[in-house]
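# here's my sequence, what's the structure:
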Amino acid sequence: MTLQTVTQKDLLTTAVFTYSLTSNPDSEFSCHQTISNKAVLNYTSNTSVLKGADEKNGIQVFIVGLCIDSRAQLSREEIPGYLAKISSEKSVAKIYAAAGRFAGKYIVIVKINDRLWLWGDASCTLATYYSTDPKFLSIAVTKPLVERQVVALTDERWNKLSAGVPSGQPYPADSTAAKNIRVLLPNHLLDLQTMQARRQPWPHRPHQNNAEEIIEDTFITAQNIFKEYSHYYDLVCPLTAGYDSRLNMAIGKTVNPELPCFTFRHDGFSAETPDLFRSQQLCATYDLSHTVLHDEDMPVEQRDTISSLIGSDANDYVLSLAHTYRKHFGSRALINGNIIDQVGKSVTGNAIPTRLAGPCFIRARIYNSSKISLQILKNYLDGIPQSMRKYTFDLVALENDCCRWGVQSDIAYGLAGVNMLNIFNCRDLIASWSGIPRKMRITKVIHTGVLARIDKQLLTIPFTPETTAKRLVRTHWPLFYVASFAYALYTRHR
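Purely as a prediction, here's the structure:
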């Protein structure tokens, strides 16, 4: 194979965390697993599949990808069997709830007798696009892979939705450019008999609202997850001057004192650029290796072929970063900084009162300009049960920002052969942060609390500089609320 002759089948030989679920085998995938007489799992040789069963009760569990126990009590090989045997009454909801402790990048397929259900990891980093027509089973990590089995349907109204989606930004809620293809969101369970997704409870326990205990548990849980990941991958930590990457580095070095770090040197960077200078300072302070990666363009043939597998979410810049990383680090897994950012710092909703979490504000936050997106977001928000409304901004952050925006990079990196993981991608852990008021989280209390527990010196090295104007907007929710609409209007017309 050369880059001049690269095909989709070639890429599906090297891709990681890549799969589809269809009625018949897809010959362009190298591996196949029969799930039922109506479902075949197709996956790449670099994508793991584990199976467990409770033969007595007719329950089978298949886990695609990397799924580990955040409590460090079960091996990854034991997890499918544990889930298969957790509910003698054959309750898929109970199996789903029991999986809240697990972390990683995976999907779970549960078969009870002849009926199938599917859900993703905490933020659905292993994406699930699916056809809504129950007569044609087509589920995959990207929309074009779904379209191998079904014809994407659209109309004038849906074309207007697509026209309102800026480059690099997600479609609202679970929508895509096709009326008959959707994305499975976090906290949802997909019934493969009806092809309908059902929202599941947010597992926050209202009595768990002690910030210090939550911060301590965050450190211990993320440390466990890092240790478990380390059993299967050599981990590499991207480092900037920001809080998220420093937190990853700090937790990682408690497990691996020789944790390798790197920083992308983008166009316009100089030796004094904080992302470069501070990351080098941190690594020098803690005697960690640090590599500076100059951005390199992905070869055109490879980029075009990967883009054809990704679809409209393809981003040349992200693909070039993936190419740059893989060229230098190969199969070593990259630890990204999502989730602890969007939810942990309440970046999406700031400290805005929940009553203001309407479709207009959410549309502004995802920079969409179409009128149809307002109806889609209204339906999405109306689907949140009253008992969960107080968590609306956390749900939006996880389901729209992390899943729909952040996962675009996971898909691109995976198809480029790069393993990307997140040490906070655990449903029970993320839900625990709801016990800390968002007005505290915007002050980065989780980050600073964990960093102080590891080494207070981590807080003395300056972070990314913040202008007075940005700090005022971030720390005063009325300003943040108004600024969100103003910025959305600006991006629409610039």
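# how about the strands in the stretch 201-350 of the chain?
235-238, 261-265, 290-294, 333-335 (DSSP state E, counting those that start in this stretch).
# wait, which of the ones you listed is closest to Ala93?
Nearest to Ala93, of all the strands of the stretch 201-350 of the chain, is strand 333-335, at 31.6 Å by C-beta to C-beta. All C-beta spots, glycine's among them, are computed from the backbone N, C-alpha and C.
# the closest one packs against which elements?
Judged by 3 or more C-beta pairs under 8 Å, 6 or more residues apart in numbering; DSSP states H and E, strand 333-335 is in contact with helix 211-230, strand 235-238, strand 420-421.
# any chance of the ones you listed in a markdown table, plus distance to Arg182?
Shown next, in a markdown table, are the helices and strands packed on strand 333-335 (distance: least, C-beta to C-beta, whole Å):
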| stretch | distance to Arg182 |
| --- | --- |
| helix 211-230 | 29 |
| strand 235-238 | 31 |
| strand 420-421 | 23 |
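# what's the distance between Ile139 and Glu466?
42 Å (C-beta to C-beta, to the nearest Å).
# over to Ile86?
From Ile86 to Glu466 the distance is 46 Å (C-beta to C-beta).
# more crowded one of the two?
More crowded of Ile86 and Glu466, by other C-beta atoms under 10 Å: Ile86, with 16 against 10.
# which SSE is that one in?
Assigned by DSSP states H and E, Ile86 falls within no helix or strand.
# if I look at it, how far off is Ile376?
Ile86 is 35 Å from Ile376, by C-beta to C-beta.
# in the protein, where is pLDDT below threshold?
Within the chain, the segments meeting pLDDT under 70 span 1-5, 494.
# tell me the secondary structure for the residue in it sticking out farthest from the centre?
Largest separation from the mean C-alpha position in the chain: Lys56, at 35.2 Å (C-alpha atoms, centre = their mean). Per DSSP: H, G, I helix; E, B strand; the rest coil, the secondary structure class of Lys56 is helix.
# what's the closest non-adjacent residue to Gly164?
Ser370 (2.8 Å; C-beta to C-beta, 6 or more residues apart in numbering).
# who's in contact with that neighbour?
160-161, 163-165 (C-beta atoms under 8 Å, 6 or more residues apart in numbering).
# quick one: the closest residue to Met440 other than its chain neighbours and Ile430, what's the gap?
Nearest residue to Met440 in three dimensions, chain neighbours excluded: Ala211, at 6.5 Å (C-beta to C-beta, 6+ apart). Separation of Ala211 from Ile430 (C-beta to C-beta): 15 Å.
# so those two - more neighbours on which side?
Shown here are Ala211 and Ile430; by other C-beta under 10 Å, Ile430 has more neighbours (29 against 16).
# is the more buried one located within a helix, as I assumed?
Yes: assignment of Ile430 by three-state DSSP places it within a helix.
# pretty sure it sits against Asn422.
No: at 10.3 Å, Ile430 does not count as touching Asn422 under the criterion of C-beta atoms under 8 Å.
# can you work out which residues contact both of those two?
Joint contacts of Ile430 and Asn422 (C-beta under 8 Å, 6+ apart) are 123, 339.
# name the residue closest to the centre of this protein, please.
Nearest to the mean C-alpha position of the chain, by C-alpha atoms, centre = their mean, lies Thr125 at 3.4 Å.
# settle this for me: that one is touching Val407, isn't it.
Yes: contact criterion C-beta under 8 Å: Thr125 and Val407 qualify, at 5.6 Å.
# neighbours of Ala469, how many?
Per other C-beta under 10 Å, the neighbour tally for Ala469 reads 10.
# starting at the chain centroid, how far to whichever strand or helix holds it?
Assigned by DSSP H and E, Ala469 belongs to helix 468-475. Centre-to-centre, helix 468-475 and its host chain are 27 Å apart (C-alpha atoms, centre = their mean, to the nearest Å).
# residues of it that come out buried?
Going by neighbour count (16 or more other C-beta atoms under 10 Å), the buried part of helix 468-475 is 473-474.
# using the three-state scheme, assign Thr464.
coil.
# ok, and the closest non-adjacent residue to Leu118?
Leu190 (4.6 Å).
# residues touching that neighbour, list them.
Contacts of Leu190 (C-beta under 8 Å, 6+ apart): 117-119, 128, 130, 139, 184, 196-198.
# for the residues you listed, which one is nearest Arg71?
Checking these against Arg71 by C-beta to C-beta gives Trp119 as the nearest, at 19.5 Å.
# for Ile68, name its beta-bridge partners.
Ala103 (DSSP bridges).
# before we move on, what about Gly120?
The partner residues for Gly120, given DSSP bridges, come to Ile107.
# quick one: it and Leu184 touch, right?
Yes: the criterion here is C-beta under 8 Å, and Gly120 meets it with Leu184 at 5.9 Å.
# who has more neighbours, the two?
A direct count of neighbours by other C-beta under 10 Å for Gly120 and Leu184 places Gly120 higher, at 27 against 20.
# Pro465 and Glu272 touch, don't they?
No: using C-beta under 8 Å, Pro465 is not in contact with Glu272; the gap is 11.4 Å.
# give the contact list for Lys227.
For Lys227, the contacting residues are 72, 255, by C-beta under 8 Å, 6+ apart.
# and the gap between it and Ser70?
Lys227 is 10 Å from Ser70, by C-beta to C-beta.
# one more: Asn209?
Asn209 is 20 Å from Ser70, by C-beta to C-beta.
# more neighbours, those two?
Ser70 (26 against 14).
# would you check that the more buried one makes contact with Gly104?
No: applying C-beta under 8 Å as the test, Ser70 and Gly104 come out as separate, 9.1 Å apart.
# could I get the full set of strands for the stretch 51-200 of the chain?
Going by DSSP E, counting those that start in this stretch, the stretch 51-200 of the chain shows strands at 59-69, 102-112, 115-120, 129-131, 138-140, 181-183, 188-191, 196-199.
# packing partners of the fifth one?
Contact analysis of strand 138-140 by 3+ C-beta pairs under 8 Å, 6+ apart lists strand 19-22, strand 129-131, helix 143-146 as its packing neighbours.
# next: the fourth one.
Judged by 3+ C-beta pairs under 8 Å, 6+ apart, strand 129-131 is in contact with strand 138-140, helix 143-146, strand 181-183.
# can you list contacts of stretch 141-159?
The contact list for stretch 141-159 (C-beta under 8 Å, 6+ apart) reads 17-20, 22-23, 26, 126-131, 133, 136-140, 162, 176-181, 308-313, 372, 411, 414-415.
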